[in-house]
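Colleague: Dropping the sequence and predicted coords here.
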Amino acid sequence: MEWAAPLETHFKEDAMTVFEAIELRYSHKETFLPDAVPLEHLEQIAKAGITAPSGVNRQTVRLIILPDRKSIDPISEITPHPSLRTTPGAIAILSDGIAYDGMDFTKEDYSAAMENILLAATALGYGSLWLDYPFIDSERQAAAKKLLGIPENHRLWAVVPIGKPDGSGSRREKLPYEARVSYGYYGGVR
């Protein structure tokens, strides 16, 4: 898909809307089927990630596509999670930590890129997971960075497993709209 083309050229009659992708997206914490994710799809998902907004347009997010088990297995050895141990494809999200006038937007940049990646994966019919907790541990962070060849001044935020879920997966209930949205002021009702 060419991103510079007029927006209307990207629509297909049977394409999932962004609202459908938002509604269907969930964190797939279980196993995946071994079916390969085509590299074209991983690249499309990565493009969605890097088109996310970034603070002062510094574009600090960097991605590493992990297209097969050979590239994922070393990471799954240091990051024990069922989804990472079975996923046929993944994307590592990192940032270069460039600050602008003392302002650091790397966490916001990473979060925006992550949301785009999760929604793009859903729109293409894949399950995915925002898997960042293992990399909070400094030892796992260092080991994963070494395996992936990530420079010392970069931070590995997450590795996103992407694939066809092996089953329906468990979805957590969301609080009702009225419990989280107010009108005019906090607690204001419509």
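Modeller: Received, thanks. Numbering: from 1, shown residues only.
Colleague: what about the longest helix along the chain, distance to the chain center?
Modeller: Longest helix in the chain, counting residues (DSSP state H): helix 106-123. Distance, stretch centre to chain centre, for helix 106-123: 5 Å (CA atoms, centre = their mean, to the nearest Å).
Colleague: which SS state does residue 175 fall under?
Modeller: Following DSSP: H, G, I helix; E, B strand; the rest coil, we place residue 175 in the coil state.
Colleague: Okay, helices next: where are they in the protein?
Modeller: Counting by DSSP H, the helices of the chain are 18-24, 39-50, 69-78, 82-86, 106-123, 138-148, 177-180.
Colleague: which residues are contacting the last one?
Modeller: Translated: helix 177-180. residue 189 (CB atoms under 8 Å, 6 or more residues apart in numbering). Bear in mind the C-beta positions are built from the backbone N, C-alpha and C, glycine included.
Colleague: export that helix as PDB, just CAs?
Modeller: Coordinates of the C-alpha atoms in helix 177-180 are reproduced here as PDB (Å, rounded to 0.1, in the frame of the first residue of the first chain):
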ATOM      1  CA  TYR A 177     -19.300   4.100  28.600                       C
ATOM      2  CA  GLU A 178     -21.200   6.000  31.300                       C
ATOM      3  CA  ALA A 179     -18.600   5.000  33.900                       C
ATOM      4  CA  ARG A 180     -15.800   6.600  32.000                       C
END
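Colleague: ok so, going back, closest one to residue 160 among the helices of the chain?
Modeller: Closest of these to residue 160 is helix 106-123, at 5.7 Å (criterion: CB to CB).
Colleague: what angle separates the longest helix of the chain from helix 39-50?
Modeller: Counting by axes from the mean of the first three to the mean of the last three CA atoms, to 10 degrees, helix 106-123 lies at 140 degrees to helix 39-50.
Colleague: What is helix 106-123 packed up against?
Modeller: Here helix 106-123 touches helix 18-24, helix 39-50, strand 61-66, strand 89-95, strand 127-128, strand 155-163, going by 3 or more CB pairs under 8 Å, 6 or more residues apart in numbering; DSSP states H and E.
Colleague: CSV for the helices of the chain, including mean neighbour count and distance to residue 158?
Modeller: What follows is these, written out as CSV (neighbours: other CB atoms under 10 Å; distance: least, CB to CB, whole Å):
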stretch, mean neighbour count, distance to residue 158
helix 18-24, 12, 19
helix 39-50, 18, 11
helix 69-78, 16, 11
helix 82-86, 20, 11
helix 106-123, 21, 7
helix 138-148, 15, 10
helix 177-180, 8, 25
